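Enquirer: task: produce atomic coordinates for the following.
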Amino acid sequence: MVKVASTCSGVALTHRCPRGILPLMIIGLLSDTHLPNLIRHLDELGPEPVEFFESVDLILHGGDLTSPKTLDWLEQFAPVVCSTGNNDPIPDQRCEEVQMLEIEGWRLGMIHSMEGQFRPMADLQKLFPSEVDVMIAGHTHLERLEYRDRVAMINSGSITFPRHKELRLGTVGLLELQPGWLRTEIIPLGHSPGRPNPGESMSMEIQLNGAEPKVQMNVPGFDEDGVLIRADDPV
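Expert: Numbering: from 1, shown residues only. Next up, the predicted model:
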C-alpha cells in the first residue's frame, strides 16, 4: 500500500484546510476517458477540465484511458495513479489492476470495475488485497456515491462519455481527506455546445467521532443520513 503525505500543513496553508490546520489532501477523480477518440486531450472539451485539475494535489484515474497520453497530460497538474481498465491493452507502469493507497489514515482501494455493488461488503472487500475504507471504481460511466458498512464507495462517472452519451463534458469526482474526516463530491463540469451534461451533482461527508460515524449525504436514492431508499444503477 502506497502512503501519500498531505501537502497542507501549518498556519500558512490554512486557507486550504477548512477544518483548521490539520493536514488536508485534495484528490481529483476521473475515469473512462477513452482517448484518443475524436479528441486528443481533455482541454479540447473546454477550459473546465484544466480549471478542475489545477485545484488538486493528486489525481486518481479509474481506468479505460485507451492511451497513456492521457496520463502524460494529467501529470502537468499533479501526480497521477491509475487503475487498468478493460480497454487499456497497452501496459503502463503508472497503472495497476488494483491500486492501494493510505492517505491521512484512510485506506483507499481503486479498481476499474466493481459491478455487483449491492453484494455483501465482505465480498466487495475481496476485490482488494487488504481491507479498505474507501472504494473507488469506474467502468459504468454512471456517477455514484454510497456509504455502507463503514465504507465509502465512489464512482466519478465518465468525464468524456457520461452515461454512455456521445462525446461531451461529463463528470469528475473530488475527494478531500483529513484524519478522521472525509468529504467527496461528484461534479458535472458543464455542458458542451448542443450536448447537455446528464450527470448529477452529489456529495457525501463522513466524520469519525465516537462509536458511530457521522454521515451527511446529498445523493439521489439516499436520505441525508446515508440510508438507502432506492437501489438502481450499479457502480
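Enquirer: hey, where'd the helices end up in this structure?
Expert: Assigned by DSSP state H, the helices in the chain fall at 48-53, 69-74, 121-125.
Enquirer: so can I have JSON lines of the ones you listed showing mean neighbour count and distance to His139?
Expert: The way it works is simple: take the backbone N, C-alpha and C, and place the C-beta from them, glycine included. As requested, these are exported to JSON lines (neighbours: other CB atoms under 10 Å; distance: least, CB to CB, whole Å):
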{"stretch": "helix 48-53", "mean neighbour count": "19", "distance to His139": "20"}
{"stretch": "helix 69-74", "mean neighbour count": "19", "distance to His139": "16"}
{"stretch": "helix 121-125", "mean neighbour count": "14", "distance to His139": "14"}
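Enquirer: using CSV, please lay out those helices together with mean pLDDT and distance to Ile90.
Expert: Formatted as CSV, the helices of the chain follow (pLDDT from 0 to 100; distance: least, CB to CB, whole Å):
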stretch, mean pLDDT, distance to Ile90
helix 48-53, 96, 22
helix 69-74, 93, 10
helix 121-125, 94, 28
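Enquirer: any idea how far Glu185 is from the residue most central in space within the chain?
Expert: Note on the chain: the residue nearest the mean C-alpha position is Leu29, at 3.4 Å, using CA atoms, centre = their mean. Applying CB to CB, to the nearest Å, the value for Leu29 to Glu185 is 10 Å.
Enquirer: quick check: end-to-end length of stretch 136-153?
Expert: Taking CA to CA, to the nearest Å as the measure, stretch 136-153 stretches 6 Å from start to finish.
Enquirer: same list (the helices of the chain) but as CSV, adding distance to Leu189.
Expert: Conversion of those to CSV gives the following (distance: least, CB to CB, whole Å):
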stretch, distance to Leu189
helix 48-53, 4
helix 69-74, 15
helix 121-125, 28
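Enquirer: select, out of these, the one closest to Val172.
Expert: Closest approach to Val172 among the helices of the chain (CB to CB): helix 48-53, 5.8 Å.
Enquirer: ok, which of the helices of the chain comes nearest His41?
Expert: The closest of those to His41 is helix 69-74. By CB to CB, the value is 5.1 Å.
Enquirer: outside of the closest one, which residues touch it?
Expert: With contacts defined as CB atoms under 8 Å, 6 or more residues apart in numbering, helix 69-74 is touched by 33, 35-36, 40-43, 53, 59, 61, 65, 80, 82, 92, 94-95.
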